[in-house]
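Trainee: predicted coordinates and the sequence they were generated for:
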Amino acid sequence: MTKKPVKIVYIISNINKAIAFEWIAEELNKTKFELNFILLNPKESYLEEYLNKLNINVKRINYNSKRDIPLSILRIIYFLLLNKPSVVHTHLFDASFIGLLAAKLCGIKKRIYTRHYSTYHHDFFPNAVKWDKLNNKFATRIIAISEVVKDVLISKEGVAPEKISLVYHGFKLNKFSEYDNDVIEKLKSKYNPTNKRPVIGVISRFTELKGIQFIIPAFSKLLNQYPNALLLLFNASGDYEKEINKLLSELPKETYLKVVFENEITSIYHLFDVFIHVPINDTIEAFGQTYIESMASGIPLIATKSGIGNEILINNDNSIVVPYKNSEAIYKAIALLFSDSELKNKITNNAKNTVAQKFEIHVMIEKLETIYLQ
């Protein structure tokens, strides 16, 4: 007798485009699992559109603010009672609070949430830590995406180690290392039509914790040496926008470009000569997907160690590691890469080898499938 697939409901909040969930939807074993999605979003998203193309059951609950929490809980309860899943897996703060509570009220025994941030609430919103602890209580299993997250859960929030599973984000790494020249040319004509060089790339929300405010002064100094340089800033919006825009206003307008959204996320790295990611401390980043993506793309990385960076970055081996909040060090690292082609080649080759060992998509999928079947 054929065994019925395990029914799983993913609940996700405030996501427009998320290639990680697209990959999970594609790669999870269809003979063993039936995957459903609840998206808490104010409107239709790229993710919803993509899931519909895959003929995956997806329900959007119109969610605009915390005022929508009570009705969202009721609507999720209705969905869960109707569909009777064996597993509920939530992602991001709002979805986890709403989804885990609804799943508990429905009596669902496997309630999993992936913790996508580490000390963010502890550092910036300490009053929200009590809600994190409530999520920890509602969940029967917590997925930590890095050792930093695991340590925060145990040492700062008192979670029992046996309740936590360490599962790194997985990537289709070939999507970053292999690219379509036609796509790259279209992106160049869009974002760098006059072929400025060198191109410094940043993919980070405009929020204080990402450290963009230390990249801009370094780029300003670089312009003295390379007046034709270009700073490309993707995901260019966030709560620190005013401060970052003030710094950018001091640069010549033709030397930088802000891009709020670009769908070709796996290709844009190939517009860059150097990629920079410099979070402001070692724990503020829970993972840091751009570390992996840039390394897989073969683009030399200048970075501070945060999140997964603590575990994989080796200075002058697979990256150039700089101190936190240090514009001068960032500038010197860029200058070093442009003056030492041997070091640059060594870093890019070693970076590809580093990420190939732990971060292929199948490694994550196998671990998730094991957790769902336990």
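Mentor: Great, that's in hand.

Trainee: which stretches of the stretch 1-150 of the chain have low pLDDT?
Mentor: Across the stretch 1-150 of the chain, the ranges flagged by pLDDT under 70 are 1-2.

Trainee: okay, and the closest residue to Ser165 other than its chain neighbours sits in which element?
Mentor: Excluding the flanking residues, the one nearest Ser165 by CB to CB, 6 or more residues apart in numbering is Ile143, at 5.3 Å. Using the backbone N, CA and C atoms, a C-beta is placed for each residue, glycine as well. Using DSSP states H and E, Ile143 sits within strand 141-144.

Trainee: okay, that strand in CSV with CA atoms only?
Mentor: Extracted C-alpha coordinates of strand 141-144, given in CSV (Å, rounded to 0.1, in the frame of the first residue of the first chain):
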residue,chain,number,x,y,z
ARG,A,141,11.5,22.3,16.9
ILE,A,142,13.6,25.4,16.1
ILE,A,143,15.8,25.5,13.1
ALA,A,144,18.9,27.6,13.6
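
Trainee: partner strands of that strand, parallel or antiparallel?
Mentor: Next to strand 141-144 in the sheet, as set by DSSP bridges, lie strand 110-115 (parallel), strand 164-166 (parallel).

Trainee: closest to the centroid, which residue in this structure?
Mentor: Gln289 (4.6 Å; CA atoms, centre = their mean).

Trainee: was I right about that one contacting His169?
Mentor: Yes - contact criterion CB atoms under 8 Å: Gln289 and His169 qualify, at 6.0 Å.

Trainee: any chance you could list residues touching both of the two?
Mentor: Counting by CB atoms under 8 Å, 6 or more residues apart in numbering, the shared contacts of Gln289 and His169 are Ala20.

Trainee: show me what contacts Ile334?
Mentor: Going by CB under 8 Å, 6+ apart, Ile334 touches Ile200, Ala218, Leu222, Val274, Ile276, Ile302.

Trainee: I meant to write Phe219 there.
Mentor: Ile200, Ala229, Leu231, Leu251, Thr255, Tyr256, Tyr331.

Trainee: what about the last one, neighbour count?
Mentor: Number of residues near Tyr331 (other CB atoms under 10 Å) recorded here: 22.

Trainee: which residues does the residue nearest to the centre of the chain contact?
Mentor: Ala20, His169, Phe171.

Trainee: how near is it to Ser204?
Mentor: 11 Å (CB to CB, to the nearest Å).

Trainee: cool, Lys59 as well?
Mentor: 31 Å.

Trainee: and if you look at Ser72?
Mentor: When Ser72 is compared with Ser204 (using CB to CB), they lie 29 Å apart.

Trainee: same deal with Leu230?
Mentor: Taking CB to CB, one finds Leu230 at 17 Å from Ser204.

Trainee: and Ile11, by the same measure?
Mentor: Distance from Ile11 to Ser204, by CB to CB: 26 Å.

Trainee: who's more crowded, the two?
Mentor: Just comparing Ile11 and Ser204: by other CB under 10 Å the higher neighbour count belongs to Ile11, 29 against 22.

Trainee: and Leu233, that one's in a strand?
Mentor: Yes - the assignment for Leu233 is a strand, going by DSSP: H, G, I helix; E, B strand; the rest coil.

Trainee: touching the longest helix seen in the chain from outside, list them.
Mentor: Scanning the chain for the helix with the most residues, using DSSP state H, yields helix 341-358. Where contact means CB under 8 Å, 6+ apart, the residues beyond helix 341-358 that reach it are 168, 171, 173, 177, 292, 294-296, 298-301, 312, 314, 316-320, 336-337.

Trainee: please compute how far it lies from its chain's middle.
Mentor: Distance of helix 341-358 from the chain centroid (CA atoms, centre = their mean, to the nearest Å) equals 21 Å.

Trainee: in that helix, what's buried?
Mentor: Applying a neighbour-count criterion of 16 or more other CB atoms under 10 Å, one finds Lys344, Ile347, Thr348, Ala351, Lys352, Thr354, Val355 buried in helix 341-358.

Trainee: cool, stretch 215-229 as well?
Mentor: Quick answer for stretch 215-229 (16+ other CB under 10 Å): Ile215, Ile216, Pro217, Ala218, Phe219, Ser220, Leu222, Leu223, Tyr226, Ala229.

Trainee: then stretch 119-130?
Mentor: Taking 16+ other CB under 10 Å as the criterion, stretch 119-130 shows Thr119, Tyr120, His121, His122 as buried.

Trainee: do stretch 189-196 as well
Mentor: Here stretch 189-196 shows Tyr191, Asn192, Lys196 as buried, counting by 16+ other CB under 10 Å.

Trainee: helix or strand for Leu368, just tell me which one.
Mentor: Going by DSSP H and E, Leu368 is in helix 361-373.

Trainee: packing partners of that helix?
Mentor: Here helix 361-373 touches strand 6-13, helix 19-27, going by 3 or more CB pairs under 8 Å, 6 or more residues apart in numbering; DSSP states H and E.

Trainee: could the contacts of Gln289 go into JSON lines alongside distance to Pro42 and neighbour count?
Mentor: What follows is the contacts of Gln289, written out as JSON lines (distance: CB to CB, whole Å; neighbours: other CB atoms under 10 Å):
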{"residue": "Ala20", "distance to Pro42": "21", "neighbour count": "17"}
{"residue": "His169", "distance to Pro42": "26", "neighbour count": "21"}
{"residue": "Phe171", "distance to Pro42": "28", "neighbour count": "22"}
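
Trainee: ok, of those residues, which one's closest to Ser237?
Mentor: For the contacts of Gln289, the residue nearest Ser237 by CB to CB is Ala20; the value is 20.2 Å.

Trainee: which non-adjacent residue is nearest the closest one?
Mentor: His169 (6.3 Å).
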